[in-house]
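Visitor: Need coordinates for the below:
(2 chains)
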Amino acid sequence: MANNNSEIRYLNPVSVDVKKKKYCRFKKSGIKYVDYKDGEFLKKFLNEQGKILPRRLTGTSQKFQKKVSQAVKRARHLAILPFVTDLMK
Amino acid sequence: MNYYETVFIATPVLSDTQLKELVGKFQGVITENGGQIINEEDWGLKKLAYPIQKKTTGFYFFIEFSAPDGKIIETLETQYRRDERVIRFLTMKQDKYAQEYAVKRRNKNAKKEE
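Guide: Below is the predicted model:
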């Protein structure tokens, strides 16, 4: 009986996604101000539809997430970034 | 002394002379009300991310200026609202980090032009 539970053999080892330690890129690279004028940099924090990525994915600290979201909203106001789009990247 | 930066978008249907006159008008508004222009950039005709007033492109202008207090912003923004050639504007007060960033950006642009 004991060995039949080891009957199930996986073709390839189950890939347990190793928990990558997320870090706040702003603290690490010492950026202090998020500029709303350069859209390229802000695009890193948006997904395909142009929505702001949550902290749990990007790993940024709350202080800089606030600055990023405010900069993105200003860029959207000035039509540098779209409010909603498909396949922006 | 507070530091501000303002960006406004003009309709694309303007001719060059009207554009210069428009920019000169807002520079005048700033200098008359005790402001001091530090830096101004003309980003030219750029494509908008979404149509504004049925137009898909616009002339972007960026002005950095300093002023003793905030009253200048009120007058500047009423001028923006009154002028129908300006389809969108945004003024912002620069905090400590924003000022450092602005200085760095100015040096970079100056270096790039050389």
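
Visitor: What lies in contact with the helix-or-strand element of chain B with minimal mean pLDDT?
Guide: Within chain B, no helix or strand scores below helix B:96-113, which has a mean of 88 by mean pLDDT, DSSP states H and E. Identification of contacts with helix B:96-113 by Cβ atoms under 8 Å, 6 or more residues apart in numbering or on different chains yields A:32-33, A:35, B:3, B:5, B:39, B:41, B:64, B:92, B:94. Yep, even glycine has a C-beta here, placed from its N, CA and C like the rest.

Visitor: Name only those of the residues you listed that count as buried.
Guide: Buried by 16 or more other Cβ atoms under 10 Å in any protein chain shown: A:33, A:35, B:3, B:5, B:64, B:94, out of the contacts of helix B:96-113.

Visitor: and A:L46, how many residues sit next to it?
Guide: By the criterion of other Cβ atoms under 10 Å in any protein chain shown, A:L46 has 21 neighbours.

Visitor: pretty sure it contacts A:V72?
Guide: Yes. Using Cβ atoms under 8 Å, A:L46 is in contact with A:V72, at 6.9 Å.

Visitor: Overlap of the contact sets of the two?
Guide: Overlap of the contact sets of A:L46 and A:V72 (by Cβ under 8 Å, 6+ apart) consists of A:52, A:81.

Visitor: Please convert the buried ones among the contacts of helix B:96-113 to TSV, extending it with pLDDT and distance to A:K67.
Guide: What follows is the buried ones among the contacts of helix B:96-113, written out as TSV (pLDDT from 0 to 100; distance: Cβ to Cβ, whole Å):
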residue	pLDDT	distance to A:K67
A:Y33	91	7
A:D35	92	10
B:Y3	94	18
B:E5	94	16
B:E64	94	19
B:Q94	93	13
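
Visitor: Would you mind listing what in chain A touches chain B?
Guide: A:32-33, A:35, A:37, A:74, A:76-83, A:85 (Cβ under 8 Å from any Cβ of the partner chain).

Visitor: In helices, which of those residues fall?
Guide: In helices, judged by DSSP state H, the following of the residues of chain A next to chain B are found: A:74, A:76-77.

Visitor: Most neighbours out of those, which is it?
Guide: Neighbour-wise, these (other Cβ under 10 Å) top out at A:R76, 21 neighbours.
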